[in-house]
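S.K.: got a sequence here, can you model it:
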Amino acid sequence: MIAINPINYPAHIPHHIRRNYLFSPRYNGKNPGFGRPVLAGRVRGAHNGGQHSHALVWRPEYRLRLSGFDPQTIETTAIQHFRAVGDLGGEDRTAYLIGGLGSYYRQHDNNLPKTLKYYRAAKDLAATCNDVKTQCFAFREAAECMWQLGQYHEALAEIQEMRGIAKHHGLFYEEAQAIRVELLCRVSLGDLKPCFALCAEARALLALCSLQGGILDLALVNSDADVHYQKTEFAEARALYLTTFPQQPPMSQAYDRLALANIDIETWEDTAKIRQDLEAIKAIFESIAHPAGITLCEVSLAWVDIRDGLLRKGMLSLQRSLKETWGNDQEISILCLNILADIAYGLNNPWDTYKWAIVLLGFALKGKNRLAVHHALRCMADFFATCGDDDTAQSLLQTAFDGFTAMDVHRNRGSCAVRLGDFFLCQGERDKALQLWNIARECFIRSQQAQDSQQVDRRIANVRGVVCSSVIACTID
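M.R.: Here you go, the predicted structure:
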C-alpha cells in the first residue's frame, strides 16, 4: 500500500469566471446609476406613447443595481405602449428590452435559468424583425449563461451559430465577441490547444474595425492569460494580467485582482497579504451587489484558510458556496468540489472525501469538463491508495496523467507523475520511477512549485544514493 504524501496541493482551481457583460460599454462598474434622473423624468413626463415606450426600453440599462426596480412592470408597460401606438418598429426595441431584462436577472439575482429564458425570447423576437445586432447580443448572452450552467457543448453550438450570422453580415466586433465566449467554453472543456489561435483571430477582427486596445481587446488578452493559468503557466498568466490591469474598467480590474490573488495562492505567497487583497476585492463586489464575484472571493478565502491550517472553517465555507451555486452556476460549484474532493487537503476522512470526488466526477462528466474529470480521477486514485487497492489507484493515476499530458497542464501532470513513480519504486522498477520523477520535477519548475520540485529532488537523490551504495557494496565483495 502506498502512503499518500501530499507533495503538493494538487487542486488547481481555474479562475476564468469572467462575464462578457463586464466588458460592455453600457456597464463598466463606474456609475451604474448614470442617466437615472433623466430617464425617469422622460418616463413620467412623456405624453407621447411612443416616446414613453422607448424610454422604458432603455430604463433597465441604467437600473440594474437599483433597489425597488420592478422589471416585470417595465416589460409589461413597454409592450402595452408599443401595441397601443401601433409602433411597427417597436418589435426590435422590445427584443432589446427583453434581453436587457435578462441581464437584470443575471446580474441582480444571479438567476441563470430565468435569465436564459429571457435571452432565448429576445433572440427569437429579434430574428422575426431582422434585428441582427440584438440577435447577436441574445445569442452571446445565452451562450455565456449555458457556459456558467456547465452546458459547454450547447453553448458552443449557440456561439458558432452567432459567428455565422455575424460573419454573413460583416459584423467584425460581434464575431470577436462570439470568439470570446467560445474561448470560455473551450477552456472549460480542456480544449486548450486552439485557444491562442482563436484569440489572435478575434484580435485581428477588432483591428479591422480599428478597435485595438478597447475593452473587448483587453478581455481577449485576459483570455490568453486564462489559458496560461489553466496550463499552470503562472509566470506568463501573471505578466498578462499585470499588463491589462491598469487599462481595465473598475469591475474588470476587480476580476484581474482576483486572478492575481489566485496565482499568489498557487505559488505559495504570503497568506496575510493574499487575505487582505481578497477582502478588498470582495468589498468591491459587495458594493455593487455582484453575487458571482462575492462567491468567487469566498472560495478563494476558504482556500487561504486551508493553507493557514483553518481546515474546518475553510471546509464549511466551501460547502456553503457549493450550496449557493448548486444547479445555478456549475463553474463555481466545480471550484468548490475541486478542493472538497482532494484527500491531500485533509479536510475530512477518506470516505467522506471520496464521496465528494464522486460528486465532482458526476458534475464534470455531465458538462464534459476534461480538467475536472481528470482531477476527480486523481482524487479517487488517492482514496484507493489509502485503502490498499494499489492496482485501481495506479490505473486511475495513469488515466489522469495521460489526460493532463494531452492538455499540457503542468502542475497536475507532475502531481500524477510523482504518485506513479512511487508505485513503480515499490514494484522494484527504479528506472521508471526516476523517469516519472524527472518529468514531475520539470512540471513543478514550469509551474513555479519550488517546494514540490525540492521534494522530488530528494526522492531522486535517495534512490540514486541507494543504487550507488549497492554498486559499491558489490564492488567490495
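
S.K.: pLDDT wise, what is residue 252 at?
M.R.: Residue 252 carries a pLDDT value of 90.

S.K.: so which elements touch the helix or strand where it lies?
M.R.: Here residue 252 sits within helix 250-266, counting by DSSP states H and E. With contacts taken as 3 or more Cβ pairs under 8 Å, 6 or more residues apart in numbering; DSSP states H and E, helix 250-266 sits against helix 215-230, helix 234-244, helix 271-287, helix 291-307. All C-beta spots, glycine's among them, are computed from the backbone N, C-alpha and C.

S.K.: then the first one to PDB, C-alphas only?
M.R.: So that's helix 215-230. The C-alpha trace of helix 215-230 is given here as PDB (Å, rounded to 0.1, in the frame of the first residue of the first chain):
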ATOM      1  CA  ILE A 215     -12.400  46.800 -23.600                       C
ATOM      2  CA  LEU A 216     -13.000  43.600 -25.700                       C
ATOM      3  CA  ASP A 217      -9.400  43.600 -26.900                       C
ATOM      4  CA  LEU A 218      -8.300  43.600 -23.200                       C
ATOM      5  CA  ALA A 219     -10.700  40.800 -22.500                       C
ATOM      6  CA  LEU A 220      -9.100  38.700 -25.200                       C
ATOM      7  CA  VAL A 221      -5.700  39.300 -23.800                       C
ATOM      8  CA  ASN A 222      -7.200  38.100 -20.500                       C
ATOM      9  CA  SER A 223      -8.300  35.000 -22.400                       C
ATOM     10  CA  ASP A 224      -4.700  34.300 -23.200                       C
ATOM     11  CA  ALA A 225      -3.900  34.700 -19.500                       C
ATOM     12  CA  ASP A 226      -6.700  32.400 -18.600                       C
ATOM     13  CA  VAL A 227      -5.300  29.700 -20.800                       C
ATOM     14  CA  HIS A 228      -1.800  30.100 -19.300                       C
ATOM     15  CA  TYR A 229      -3.400  29.800 -15.900                       C
ATOM     16  CA  GLN A 230      -5.200  26.600 -16.800                       C
END
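
S.K.: tell me what that helix is packed against?
M.R.: Helices and strands touching helix 215-230, by 3+ Cβ pairs under 8 Å, 6+ apart, are helix 172-189, helix 195-208, helix 234-244, helix 250-266.

S.K.: just name whatever secondary elements the second one is in contact with.
M.R.: Spelled out, that is helix 195-208. Using 3+ Cβ pairs under 8 Å, 6+ apart, helix 195-208 sits against helix 172-189, helix 215-230.

S.K.: can you tell me what sits against that helix?
M.R.: 172-173, 175-176, 179-180, 182-183, 186-187, 212, 214, 216-217, 220-221, 223-224, 227 (Cβ atoms under 8 Å, 6 or more residues apart in numbering).

S.K.: hang on, residue 397 packs against residue 383?
M.R.: No. With contact defined as Cβ atoms under 8 Å, residue 397 does not reach residue 383; the gap is 11.6 Å.

S.K.: re earlier: between the helices and strands packed on helix 250-266, which gets nearest to residue 447?
M.R.: helix 234-244 (6.2 Å; Cβ to Cβ).

S.K.: what helices or strands is the closest one leaning on?
M.R.: helix 215-230, helix 250-266.

S.K.: ok, residue 307 - how many residues close by?
M.R.: 16 (other Cβ atoms under 10 Å).

S.K.: and for the one 3 residues further on?
M.R.: Other residues near residue 310 number 14, with proximity taken as other Cβ under 10 Å.

S.K.: what about it, distance to residue 322?
M.R.: When Cβ to Cβ, to the nearest Å is the yardstick, residue 310 and residue 322 sit 18 Å from each other.

S.K.: so, low pLDDT: which residues of this protein?
M.R.: Across the chain, the ranges flagged by pLDDT under 70 are 1-110, 466-477.

S.K.: strands of the stretch 51-200 of the chain, start to end?
M.R.: Using DSSP state E, counting those that start in this stretch, no strands are assigned anywhere in the stretch 51-200 of the chain.

S.K.: just the buried positions in stretch 382-398, please.
M.R.: Across stretch 382-398, burial judged by 16 or more other Cβ atoms under 10 Å covers 382-386, 390, 393-394, 396-398.

S.K.: got CSV for the residues you listed, with secondary structure too?
M.R.: Compiled in CSV, the buried residues of stretch 382-398 are given as follows (DSSP: H, G, I helix; E, B strand; the rest coil):
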residue, secondary structure
382, helix
383, helix
384, helix
385, helix
386, helix
390, helix
393, helix
394, helix
396, helix
397, helix
398, helix
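
S.K.: and these, which is closest to residue 132?
M.R.: Closest approach to residue 132 among the buried residues of stretch 382-398 (Cβ to Cβ): residue 396, at 48.9 Å.

S.K.: give me the nearest residue to the closest one, chain neighbours excluded.
M.R.: Leaving aside its sequence neighbours, residue 396 sits nearest to residue 381 (Cβ to Cβ, 6 or more residues apart in numbering; 3.8 Å).

S.K.: hang on, isn't the one you found packed against residue 419?
M.R.: Yes. Counting by Cβ under 8 Å, residue 381 touches residue 419, with 7.0 Å between them.

S.K.: could I get the full set of helices for the stretch 351-477 of the chain?
M.R.: 370-386, 390-407, 410-426, 430-446, 450-476 (DSSP state H, counting those that start in this stretch).

S.K.: quick one, which of the ones you listed is nearest to residue 115?
M.R.: Across these, residue 115 has its closest neighbour in helix 370-386 (23.6 Å, Cβ to Cβ).

S.K.: elements contacting that closest one?
M.R.: Applying 3+ Cβ pairs under 8 Å, 6+ apart, we find helix 370-386 packed against helix 330-340, helix 350-367, helix 390-407, helix 410-426.

S.K.: my guess is residue 297 contacts residue 280. True?
M.R.: No. In this structure, residue 297 is not within contact of residue 280 by Cβ under 8 Å, at 9.5 Å.

S.K.: count of neighbours near residue 377?
M.R.: By other Cβ under 10 Å, 23 other residues sit near residue 377.

S.K.: can you tell me how far the closest residue to residue 401 other than its chain neighbours is from residue 393?
M.R.: Nearest residue to residue 401, sequence neighbours excluded (Cβ to Cβ, 6+ apart): residue 416, at 3.8 Å. Distance, residue 416 to residue 393, using Cβ to Cβ: 11 Å.

S.K.: go on, residue 308?
M.R.: Look at residue 308 and residue 393: by Cβ to Cβ, they are 30 Å apart.

S.K.: then residue 450?
M.R.: 27 Å.

S.K.: please apply the same query to residue 147.
M.R.: On the measure of Cβ to Cβ, residue 147 and residue 393 end up 33 Å apart.

S.K.: again, but for residue 361
M.R.: From residue 361 to residue 393 the distance is 15 Å (Cβ to Cβ).

S.K.: residue 329 too?
M.R.: Residue 329 sits 32 Å away from residue 393, going by Cβ to Cβ.

S.K.: then residue 221?
M.R.: Going from residue 221 to residue 393 by Cβ to Cβ gives 41 Å.

S.K.: can you give me the neighbour number for the nearest residue to residue 155 once chain neighbours are set aside?
M.R.: Closest residue to residue 155 apart from its sequence neighbours, by Cβ to Cβ, 6+ apart: residue 146 at 3.7 Å. By other Cβ under 10 Å, 24 other residues sit near residue 146.
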